[in-house]
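J.: Have a look; sequence and predicted model below, questions after that.
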Amino acid sequence: MFGYIRADKGELKMREYEIYRGVYCSLCKRLGKSYGFLSRLTLSYDFTFLALLDISLKDGCTSFKPGRCAFNPAKRCNYLKDTAQLDFSASAAIIMLYYKIVDDIADEKGFKKLAAIMLKPIFSGAHKKAVRVYPEIENYVAGYMQSQKALEQENCKSVDKAAEPTAKVMADILSALSDDAGNKRALERLGYCLGRYIYLLDAACDLKDDIKTGSYNVLKSIDGDIKEYISKQLYISINEAAKAFELIDIKKHKPILGNIIYSGLEQTFKKELNK
């Protein structure tokens, strides 16, 4: 995933920021423990959001303990006392990374392609382990990759159609966080809107390079002001995501999640588009 689902840190209270950062560091630790040290490189704020949402849907308090950062031992971090509750998010991160590597081998050239070829055997074992634990995530992501590839090969010019696979895989992943029927529907809708947001923002950020390389990008077919068009589409996704979020029974950390949905998404896309 791409790191586009981030909090507006300046608007978080100190305690809220410590929890948010603690979940981020705990996910990093869980990745290393479950899938090896290099798997920590898959860490992004997208999966931090997934982990925080997963925790927030469950009863019970969120307890942390102090520790040292694996990358910088001089730095003190707060870690969840029970990082096993992050297994779903860690497995999703590994499976998504593996398919990103496979996709880069097929589509990239030069150094990026070589790097992907070198990374694939390193993460193959972690991928197999993650699939054994959560085969449903593998099914979601494999289907997403096949659908996305097919749309690219046919040079799809419909923005909504091109964004559908990413929206669908996020809908499937988020809906798997709860067994409650009402929550599942709301989580599925939230995931769909966030997936659409991720796809559109990533396409906008890649557009300049894709024009140079001749790579597929659905935004090439848009006439007029691309920035204005994409901003409107992103606002639609954010507003729909907010409506879905309000229907979810959040047990705890709702202000942090709300910060991400109501403020962080807008702040992030404005920052990325202004680059």
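T.: Cool, got the structure.
J.: For the lengthiest helix in the chain, buried residues please.
T.: Taking DSSP state H as the criterion, the chain has its longest helix at helix 181-213. For helix 181-213, burial by neighbour count (16 or more other C-beta atoms under 10 Å) applies to 183-184, 186-205, 207, 210. To be clear about C-beta, it is placed using only N, CA and C from the backbone, and glycine gets the same treatment.
J.: Over to stretch 124-138?
T.: 126-127, 130-131, 134, 137-138.
J.: next helix or strand past the longest helix of the chain?
T.: Downstream of helix 181-213, the first helix or strand assigned by DSSP states H and E is helix 226-245.
J.: which residues are contacting that following helix?
T.: Helix 226-245 has contacts (C-beta atoms under 8 Å, 6 or more residues apart in numbering) with 159, 186-187, 189-190, 193-194, 196-197, 200-201, 203-204, 207, 219, 222, 257-258, 261-262, 265-266, 269, 273.
J.: Now find how far off-centre the longest helix of the chain is within its chain.
T.: 9 Å (C-alpha atoms, centre = their mean, to the nearest Å).
J.: just stretch 171-182 next, same as before
T.: Here the centre of stretch 171-182 is set off from its chain's centre by 16 Å, with C-alpha atoms, centre = their mean.
J.: and for that stretch, what are the contacting residues?
T.: 50, 53-54, 57, 88, 92, 136-137, 140, 183-185, 187-192, 194-195, 247, 249.
J.: how about a cut-off of 6 Å?
T.: 54, 57, 92, 140, 184, 187-188, 190-192 (C-beta atoms under 6 Å, 6 or more residues apart in numbering).
J.: Need the max-distance pair from these.
T.: 57 and 140 (18.4 Å; C-beta to C-beta).
J.: Between the two, which is the more surrounded one?
T.: residue 140 (22 against 19; other C-beta atoms under 10 Å).
J.: Please tell me I have it right and the more buried one contacts residue 169.
T.: Yes: counting by C-beta atoms under 6 Å, residue 140 touches residue 169, with 5.2 Å between them.
J.: hey, where'd the strands end up in the stretch 51-200 of the chain?
T.: Assigned by DSSP state E, counting those that start in this stretch, the strands in the stretch 51-200 of the chain fall at 64-68, 76-80.
J.: Out of these, indicate the one that is most buried.
T.: Comparing the strands of the stretch 51-200 of the chain by mean neighbour count (mean count of other C-beta atoms under 10 Å), strand 76-80 ranks first with a mean of 18.
J.: With just CA atoms, put that one into PDB.
T.: The C-alpha coordinates for strand 76-80 follow below in PDB (Å, rounded to 0.1, in the frame of the first residue of the first chain):
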ATOM      1  CA  ARG A  76      12.600   4.700  23.000                       C
ATOM      2  CA  CYS A  77       9.200   3.500  21.700                       C
ATOM      3  CA  ASN A  78       5.900   2.400  23.200                       C
ATOM      4  CA  TYR A  79       4.800  -1.100  22.100                       C
ATOM      5  CA  LEU A  80       1.500  -2.900  22.600                       C
END
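J.: can you state the direction angle for it and strand 64-68?
T.: 140 degrees (axes from the mean of the first three to the mean of the last three C-alpha atoms, to 10 degrees).
J.: what about strand 76-80, average pLDDT?
T.: Averaged across strand 76-80, the pLDDT comes to 90.
J.: go on, stretch 209-227?
T.: In the prediction, stretch 209-227 has an average pLDDT of 91.
J.: chain center to it: distance?
T.: For stretch 209-227, the distance to the chain centre is 23 Å (C-alpha atoms, centre = their mean).
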